[in-house]
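K.L.:
generate coordinates for the sequence data below:
(chains A, B, C, D, E and F, ligands or ions: 9)
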Amino acid sequence: MISEAFIPAVASLGSVALTLGLIIFYVSKKFHVEEDPMVTILNDTLPGVNCGACGYPSCGQFAEVLVETKDSSMTCPVGGTDLAEKLGDTLGITMAEPKPITAVVLCQGDNDTARETAEYLGIQDCWAATQTYVGPKQCRYSCVGLGSCIAFCDFGAMRLENGLIIIDKDRCTGCEACIPACPTGVIVMQEKKAERYVIACNSHDKGAATKKACDAGCIACQKCVKVCDDDAIVIENFLAKIIQEKCTSCGKCIEVCPTKVNCILLEEDLKEAKQKKAS
Amino acid sequence: MNEALNIFTRGFVKENPVTKMLLGLCPVLAVTTTAINGLGMGLATTFVLLGSNVVIALASKAIPSTVRIPSFILVIATFVTIVDLLIQAFSPELNQSLGIFIPLIVVNCMILGRAEAFASRNGLWYSIIDAIGMGLGFTFALLLLSIFREVLGAGTIFNIPLVGEDASTILVFALPPGAFAGLGLIIAGLNSLEKKMGDKK
Amino acid sequence: MRPITILTIVGILSASLLAVVEDLTREPIAIAKEQMKRKAIEQIFPFPFDSLRTVTTEQTTFYEAYNQDNAIEGIAVETSTEEGYSGLIEILLGVSPDQKILGYKVLFHRETPGLGDKIDKPKFKEQFKGRTLENTNWKVKKDGGDIDELTAATISSKAVANAVVKGLEFIKEQYPKSSAE
Amino acid sequence: MNELSGLLLVIVSAIFVNNVVFARFLGICPYLGVSRKLDTALGMGFAVTFVMTIATAIGYVLHYGILVPFKIEFMQTIMFILVIASLVQLVEIVLKKVSKSLYNSLGIFLPLITTNCAILGVALIAIQEDYSFVTSVVFAFFSAMGFILAILLFAGIREKLEEADVPKPFKNVPIGFISAAILSLAFMGFSGLVK
Amino acid sequence: MKTFKTGGIHPPESKFTENTPVELMPVPKELAISLNQHLGKPAKPVVKAGSEVKKGELIGEADGFISANVHASTSGKVKSVKPHPHPGGHYAMTVFITPDGQDEWAEGLNTDPVDWHGFSKEDIIGKIKNAGIVGMGGAGFPTNVKLAPPPDKKIDTIILNGAECEPFLTADHRLMLESPEEIVEGLNIITSLFGGEARAYIGIESNKKDAIETLTSHASSKGIEVVSLKTKYPQGAEKQLINAITGRTIEPGELPFDKGCLVQNIATAVAVYEAVCKNKPLVDRVVTVSGLEIGKPKNIRALVGTSFRDISLFCGNLKESTNQIISGGPMMGKAVYTLDVPIIKTTSGMLFINNVGIEKARERTCIRCGKCVDVCPQGLAPWLLANVAQLREFDEIQLLGLANCTECGSCTYVCPSKRELVHWIKYAKALVNNRQKRKSA
Amino acid sequence: MESVNLKVSNAPFVRSKDSIESVMYNVALALAPATVMSVYLFGMRALVLTVVCILSCIAFEWLMDKARNKPNSCLDGSALVTGLLLALNVPANLPLWMVVTGSFIAIVATKHVFGGLGYNVFNPALVARVFLLISFPAAMTSWPMPAPFSFDMMVDMETGASPLGILKTDGVQAALASLSLMDGFYGTMTGSLGETSALALLAGAVWLWYKKYITMYIPLTIMGSVFLFTGLFHLIDPGTYASPAFHMVTGGLILGAFFMATDMVTSPLSIRGQLLFGLGCGLLTAVIRLWGGYPEGISFAILIMNSFVPLIDRWDLNDRKAENKKKPEKP
Ligand SMILES: Cc1cc2nc3c(=O)[nH]c(=O)nc-3n(C[C@H](O)[C@H](O)[C@H](O)COP(=O)(O)O)c2cc1C
Ligand SMILES: Cc1cc2nc3c(=O)[nH]c(=O)nc-3n(C[C@H](O)[C@H](O)[C@H](O)COP(=O)(O)O)c2cc1C
Ligand SMILES: Cc1cc2nc3c(=O)[nH]c(=O)nc-3n(C[C@H](O)[C@H](O)[C@H](O)COP(=O)(O)O)c2cc1C
Ligand SMILES: Cc1cc2nc3c(=O)[nH]c(=O)nc-3n(C[C@H](O)[C@H](O)[C@H](O)CO)c2cc1C
Ligand code: SF4
Ligand code: SF4
Ligand code: SF4
Ligand code: SF4
Ligand code: FES
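P.N.:
Numbering: from 1, shown residues only, chains lettered A, B, ... in the order given. Ligands and ions are numbered 1, 2, ... in the order given. Below is the predicted model:
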């Protein structure tokens, strides 16, 4: 049954395989390069979006540094608590948990509330508009409303509605990519909380000027400062600001605010407040 | 069982080796001038995939990582050579038209990919299903493209004439450019189909 | 050392398996090759034949087809020309014992699809049936001959005619008697 | 002289007329996969050139030194691929140690080359066409040049298309195929150059 | 006739007002004097609401090395100091003055001319600095700084820029016809700062034949050469002007003094003369008011701080169909969004137009015609810059010579696809700047 | 006065009158002499073919704009030019359904799939022509004989090979016998609609050049390199290789060099790029004509060089960058 080709076939392939095996074995010993497999493992665990929120240019870099330093205070905001746990498990240390933060747009000046300047016909981009003049809205602190920031969000958390950017808190990972994208600096980062109050206005104009430019702006009337039992509101440069550490989310400030809509963050609340104002 | 069904079906559209993962493209483009060729190539590849998946699922534990790739390749090459010999023996016409692309099944990255990514990590049963699913998905893509090209380029389907001998067919589709264009169109078509389906859901 | 052993073992196993399969398929492959040839010849002969004899000469290979009574029914000869539009054209030419053409089959060509490749289409091939070296002016109609050229592929048509003539001449050399009859 | 002009024909044929990608359909996966950026495309091209030339040379020696004398030509595929796979692995190991920078630029392509059918294909074609040793090596090298030409042109086009307003369903891969189709259409102009 | 080497265009000249003598505009009811009328840091206000001021009195003090003094343009009472729209498009701190109607100069200012030949260099520069003189050709670079280059830079060529290459504008043209003596004296003062070797030129485009003649006759005896320049935009741009007259090329990253040159606008020369010889601060300037939508196009001499509204009323009011008002020329100017903006020291023109083009112009895709490359005087590839800006690849765009673009607008002018090329370039500059700021912060 | 509605945009506020439309319609106008000549030579059928080709191109353009939700651009003239050039590139007796197929390939598969005007990498009319040539070689290579002032529709027109076809199949003598150079220059020879009359084409090209819509870098390098290359081989062996003058006036060389290689969308922007592009087109054309399977090579040559354009652009870009890197920027 054994054919005449059997012996040469087996012998030749066997010997070629053996030779090559030997060579590879020898060479891989001789040219061995040490590499930390941990980096690869961590890299696989990380989200891989390279957003830079951790302070490193890429997830890979983050992994490398983390393996090297085993610095438990390094955090990846995007991955959140789950990821911190996983990373900690892999490395055998307890990682600090990133505080969940979210972007907040400090402006309520949409197409209905903010008054217009001259019509803008240049390149439809917030930077291009502000580089040309104050922008299509009279308030020069406002969200310009041309949506330049949207493209910078890797998580699809931003959308433009009626000339104003809305941030979807559930999607926002706090990666901060949108902040440098905005020419008026109207986006800030805040801790994610179930209920949170923020003065959503960015205008440092005096009250009268603000009022002239926008129905929703903070006119620095001091009412909220007076009503707040926790001293959580201060007025700086004609703009009220809530000190998050002190704020107990009592909601009194909303009640007294004459422009009614400028203290809200939760999106549902925002709609409610608008209805309230309308009624 | 559900899991098995899932493994089996994903090779067709969602993870189709050709249109989605872009693996094993050379035979796809080269041999799809007629539907029969496409079918033959698809089935031959499926056979190799099945064989190698089975062997590798069984033997992967015994193979150390340094020589994993050469060993896998040896297994695959063995099956390819077997297929080659069988085709030569039992379908010499197919052998003639598939030509060099039969030995080249060895380097069809789909097969090594499956061996690496699936068979070496999963049990025998799932590996078999995966092989059949992927193989048929591959065959499906080949068939789609080859029918497209045969109808437009030669005016026949499975060698059965659709138009008269003198009618002008669009010859380009029988030639290399037609292969590229045809596959491009099919992928674009599947893309928009998928999007439409997604929109509906 | 384990990796090397394993690789070698895999190699040896593969080789053994292959050797066995090769052994098993050697016969069928040889038969299949023979059959391919026979099929090709069957295609150009309008009749069934019983056995086939292959003759290899210095210039080319030809085949004699015999019926049950061991009488020659047809001769098939491989002939070729370099004068196609894209060079080489190989055909298998079948003639009857009285050296009339029975038909031919194109074995190899690189002519333009849609133009020159029509030399393998029945419509063009039909006209060769029954022709002999003597009863035909082997030029294309354009040049005053008898062969209907393909539109826009005169060169391919001429080339085929040339190859056919070459084949016929060869057969005439091999079987000087039968043509004299 | 005749030898030389024969080689010249092999070269022209390998680069233009029977371009591995456009006419022979070999190495399409890396052609599509590694052609997003010019730099990486070039890296892939160099890696392919290196492996293709050496693999064809070794293949030639194996074929005429072992397979033919022992009448085991059916072992061709398995022998060749074993050689290619090992070769690739060797190159990778050595590169990693010897030149980190070269490894970084070429390294990621090397594993891909094992399953690049152009390598095996060219080695097999060289045997099929009965080329001499020198011709085989020249053929392999210039086939690789043909591959580089193809992948460079393609990468250039794809980089340009990044900026283009391509309809959604055609983005990326499909438009890549359409471009490849037009490229191979254009390369058909070379047909008949080598009879 | 001389001209610069690369690029350039020739848009329709539309100089409607070239034969209209300069008319003096009366003091308006209110003046809004911006404290940011120059390149560099805005001036610090030194008056408060309620202060009484005389004409020419300091109201804003130069704040830093590159900054300039600002003076009251008329006598009256300071109404308020607050941010106000600026012709640059943004807000700037602005001093509002309610004129008392006397238009009374403060003590010792605007005296009869004295001979400057005895003054020391420091004196002259000091007077120029005190007078708050800035480049009136457009950029508003403080003149005293420009006139005192680092000691290692030898200035051998001084050029007065009378090109006025922008369509519509005729302010410099009229000034050259009406005040040739002052111009020549101003130039002499400037030249004297650089010793005897410096050559002085006045470059004028060939479409202002009368100005060339007038100045030639006034300058002939004084070692000043009047150069006739081909009428081609942007002949008046500093780098192009230097190239046309001296053949030298200011390389990217260089300033004119690196090639021994100094360029000053015609009006700046007059201001220098007045500051040095008459002790007159820069409080007014000649402005061309033109365009098809203004009742009576004119050249006017107006006080710094006069609002666009007042000027439009003075010039026969604007038509209903006006849809754009431009501060400056049509090639480099800025569209203003309110008539409240005041003119500043660098406002050379004011156009009232009905730009039908902008209504329907939408950017189309580049057809790679290469026209923008042909006309770019700086030898850039505007289409590429715009493409890269659109892709937001700001590292890449800097390597393509972003900083060399003078924003002359020639590329946008010629583009058949109506692409906003300069705007994309400006956009990229804004973002690159911002990034650098963030990086250094 | 406050009722004025101000609009803010960016400088410059004046724009030149040039537009895509003006460029394209001028090209069409420049092609008018050749079109008229083709109708004179090939009669009504040529006119019908041209009209069908243009209309189908415009229709496909309209359809694609609709399908892609883009502003309507079917009348911007680029589809017109593409259609006209495609018509000038095919034989007068080509079946109309093939013509429409060609328009489809040009506008849909080569232009819009790549993103529309300005984004296409390959010359639409040429891709369509090559597609037709390879798909329908018989129809695309049997040229009707010129029959001045004939108004029939060419149902059974006498057809013949083009001079270059004869050169390829029957050699130099036959080719020269078939045509005098003057015929070639005036255009009374077989060929596609627009490639016959060198005179008419050159007239249009000179006008375009005078109006600065095209530059001469590309056409002249193409003509020059074909001339030199074919001339060299003619000198070596006049028996096998036709004279350069013959090559100049036959085939689509002039049409290709002056009207198709100059398509700005698909050619390089820099002068040196254009010279390189022209050289490449010229050499490839000559090589294909002298030794290739196809009698004419200009279409393939231009398409192949089209694919080099991104690389040439990249070369320019890198040089620009290198130049700027050399000069350190001062603050
Ligand atoms: C693209 C192309 C392909 C061609 N292919 C062939 C071919 O395969 N066979 C052939 O005889 N001639 C071929 N020719 C040559 C021409 O059709 C030539 O005109 C013809 O052979 C001689 O003309 P006639 O047949 O009309 O007399 C080809 C020409 C072209 C342009
Ligand atoms: C940051 C900066 C510093 C400058 N420094 C000097 C200087 O020291 N000396 C000088 O003569 N010009 C200086 N210039 C002025 C320029 O050379 C130029 O005259 C000015 O920007 C106005 O030019 P333009 O109107 O052509 O834009 C400086 C300009 C800038 C923007
Ligand atoms: C595109 C462009 C065009 C210019 N045209 C003029 C002009 O016509 N007249 C002029 O005086 N300055 C013009 N300038 C400004 C000059 O470059 C330069 O800043 C000025 O002449 C310097 O003088 P100054 O400092 O006295 O203003 C132009 C600048 C640019 C960038
Ligand atoms: C000088 C010039 C030459 C042109 N040549 C062609 C051409 O050869 N083929 C074509 O389809 N369009 C041509 N066009 C039209 C236009 O550029 C073409 O439709 C674009 O390639 C489509 O994006 C030309 C336009 C100009 C201005
Ligand atoms: S948040 Fe900032 S960037 Fe986003 S739309 Fe508003 S102004 Fe523009
Ligand atoms: S006033 Fe406040 S809320 Fe209104 S537009 Fe300005 S920043 Fe936005
Ligand atoms: S604006 Fe800038 S890029 Fe455009 S032409 Fe002028 S200098 Fe060149
Ligand atoms: S002028 Fe406009 S269309 Fe022409 S190349 Fe420049 S940007 Fe493109
Ligand atoms: S199948 Fe050829 S490279 Fe993947």
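K.L.:
thought F:K7 was touching A:G122?
P.N.:
No - counting by Cβ atoms under 8 Å, F:K7 stays clear of A:G122, with 9.7 Å between them. Backbone N, C-alpha and C define where each C-beta goes, glycine included.
K.L.:
show me which of those two is the more surrounded one.
P.N.:
A:G122 (23 against 19; other Cβ atoms under 10 Å in any protein chain shown).
K.L.:
I'd say the more buried one and A:T130 touch.
P.N.:
No - using Cβ under 8 Å, A:G122 is not in contact with A:T130; the gap is 10.5 Å.
K.L.:
what does stretch F:69-77 contact?
P.N.:
If you take Cβ atoms under 8 Å, 6 or more residues apart in numbering or on different chains as the criterion, stretch F:69-77 is touched by E:362, F:20-21, F:23-25, F:27-28, F:58-59, F:61-62, F:64-66, F:79, F:116-117.
K.L.:
let's go with 6 Å and repeat that
P.N.:
Residues outside stretch F:69-77 that contact it (Cβ atoms under 6 Å, 6 or more residues apart in numbering or on different chains): F:I20, F:E21, F:M24, F:Y25, F:I58, F:E61, F:W62, F:D65.
K.L.:
list the buried residues of that stretch.
P.N.:
For stretch F:69-77, burial by neighbour count (16 or more other Cβ atoms under 10 Å in any protein chain shown) applies to F:S73, F:C74, F:D76, F:G77.
K.L.:
check stretch D:43-53 too.
P.N.:
Residues of stretch D:43-53 classed as buried: D:G43, D:M44, D:G45, D:A47, D:V48, D:T49, D:F50, D:V51, D:M52, D:T53 (neighbour count, 16+ other Cβ under 10 Å).
K.L.:
and stretch B:97-116, by the same measure?
P.N.:
Buried-residue list, stretch B:97-116, by 16+ other Cβ under 10 Å: B:98, B:101-116.
K.L.:
what of stretch B:85-96?
P.N.:
Buried residues in stretch B:85-96, counted by 16+ other Cβ under 10 Å: B:L85, B:L86, B:I87, B:Q88, B:A89, B:S91, B:P92, B:L94, B:N95.
K.L.:
show me which pair in the residues you listed is furthest apart.
P.N.:
Using Cβ to Cβ, the buried residues of stretch B:85-96 span at most 13.0 Å, a distance reached by B:L85 and B:L94.
K.L.:
report the contact partners of the residue in the stretch 51-200 of chain E that ligand 5 sits nearest to.
P.N.:
At 15.0 Å from ligand 5, E:H90 is the closest residue in the stretch 51-200 of chain E, using Cβ to the nearest ligand atom. Counting by Cβ under 6 Å, 6+ apart, E:H90 makes contact with A:V134.
K.L.:
which other helices and strands does the helix or strand of chain D with the lowest mean pLDDT contact?
P.N.:
Of all helical and strand segments in chain D, the minimum by mean pLDDT, DSSP states H and E falls on helix D:100-106, at a mean of 69. Helices and strands touching helix D:100-106, by 3 or more Cβ pairs under 6 Å, 6 or more residues apart in numbering or on different chains; DSSP states H and E, are helix D:38-62, helix D:76-98.
K.L.:
what's around the residue of the stretch 151-279 of chain A found nearest chain E, how many residues?
P.N.:
In the stretch 151-279 of chain A, no residue comes nearer to chain E than A:P180, which is 5.9 Å away by Cβ to the nearest Cβ. Neighbours of A:P180 under the rule other Cβ under 10 Å: 15.
K.L.:
that one in helix, strand or coil?
P.N.:
Of the three states, A:P180 takes coil according to DSSP: H, G, I helix; E, B strand; the rest coil.
K.L.:
how about the residues of chain C near chain D?
P.N.:
Selection of chain C residues close to chain D by Cβ under 6 Å from any Cβ of the partner chain yields C:E22, C:S86, C:G87.
K.L.:
secondary structure element holding the first one?
P.N.:
Put plainly, it is C:E22. Element membership for C:E22 (DSSP states H and E) is helix C:2-44.
K.L.:
what's that helix packed up against?
P.N.:
Checked by 3+ Cβ pairs under 6 Å, 6+ apart, helix C:2-44 has helix A:6-30, helix B:68-90, strand C:101-108 packed alongside it.
K.L.:
the shortest one: what's the following helix or strand?
P.N.:
Under the assignment DSSP H and E, the closest C-terminal helix or strand after strand C:101-108 is helix C:122-125.
K.L.:
what's the answer for the first one, then?
P.N.:
Next along the chain after helix A:6-30, taking DSSP H and E as the criterion, comes helix A:37-45.
K.L.:
can you point out the buried residues in that following helix?
P.N.:
A:V39, A:L42, A:N43, A:T45.
K.L.:
cool, stretch D:84-104 as well?
P.N.:
In terms of neighbour count (16+ other Cβ under 10 Å), stretch D:84-104 has its buried residues at D:84-93, D:95-96, D:103.
K.L.:
which residues touch that stretch?
P.N.:
Contacts for stretch D:84-104 (Cβ under 6 Å, 6+ apart): A:20, A:24, A:27-28, A:31, A:33, B:69-70, B:73, D:55, D:110, D:113-114, D:119.
K.L.:
what do you get for stretch D:167-181?
P.N.:
Residues from elsewhere that reach stretch D:167-181, judged by Cβ under 6 Å, 6+ apart: B:177, B:180-181, B:183-184, B:187-188, B:191-192, D:32, D:157, D:161, D:166, F:68, F:113.
K.L.:
how long is it end to end?
P.N.:
For stretch D:167-181, the first-to-last residue distance is 18 Å (Cα to Cα, to the nearest Å).
K.L.:
average model confidence for that stretch?
P.N.:
On average, the pLDDT along stretch D:167-181 is 93.
K.L.:
if anything else comes up later, I'll come back, but that's it for now.
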